[in-house]
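Undergrad: Show me how the following folds:
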Amino acid sequence: MRVGWIFVCAALLATAAGGCGGGGSTSYSGTSPDEWAATVCGGLKEWSQGLKDESQMFSTAVAGARSLKSAKSKLILFLRRAEQSTQALNEKVQSAGAPAVKDGDALQRELEDGMKSAEESFGRATARARKLSTTDNQAFVRGTLALGQGVQSELAATGRSFDGLSDKYDAKDLNEAVAKEPACKQLTGAGE
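TA: Numbering: from 1, shown residues only. Presented below is the predicted three-dimensional model:
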């Protein structure tokens, strides 16, 4: 069972964090763009790596599962950990505070709302996983595939909402900070 959709979300979130269009260099209150980019992208990098590690452990554990009940238990554990790591990322994003750019408070609010949606997506997936059949192999596989597609769809919708931030907010300084932040470059592949 592969969960590559998680990495798509991480890249979308990283891109969205820096996807704000050009603007002036007027002084605004809040967290400096450099500090904000380091905190947010650093958190996204940790989150992405953590999910990658959990995914690998989950794949190994499920491959060795001797029953549907065991596979279901491992799936629920994986999803709970994904939800918890997303919650920790949300807290890190909140701790960054609004970036000191035009409309930084609104941008931060939308980013936090989107992160909360990602967290809730994993929570819903956990609830759905608890309802999976452990008596019918085909039903379990179909249910698991549907669950993965549902999470992928929800996370993609969250990513699309982040893509729209660049059209809404004028934050040249933030764009520049994200472009030079090593953690942001690693997430988007720009530093490779």
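
Undergrad: For the helix or strand containing residue 129, name the packing helices and strands.
TA: Assessed by DSSP states H and E, residue 129 sits inside helix 104-130. If you count contacts as 3 or more CB pairs under 8 Å, 6 or more residues apart in numbering; DSSP states H and E, helix 104-130 packs onto helix 5-18, helix 68-96, helix 137-163, helix 165-168. Using the backbone N, CA and C atoms, a C-beta is placed for each residue, glycine as well.

Undergrad: and that helix, average pLDDT?
TA: Summarised as a single mean, pLDDT over helix 104-130 is 90.

Undergrad: and it, which residues are buried?
TA: Residues of helix 104-130 classed as buried by neighbour count (16 or more other CB atoms under 10 Å): 104, 107-108, 110-111, 114-116, 118-119, 121-123, 125-126, 128-129.

Undergrad: tell me the angle that helix makes with helix 68-96.
TA: If you take axes from the mean of the first three to the mean of the last three CA atoms, to 10 degrees, helix 104-130 sits at 170 degrees to helix 68-96.

Undergrad: May I have the residues that are in contact with the residue of the chain most remote from its centre?
TA: Relative to the centre of the chain, the most outlying C-alpha is that of residue 135, 32.8 Å out, by CA atoms, centre = their mean. Going by CB atoms under 8 Å, 6 or more residues apart in numbering, residue 135 touches residue 68.
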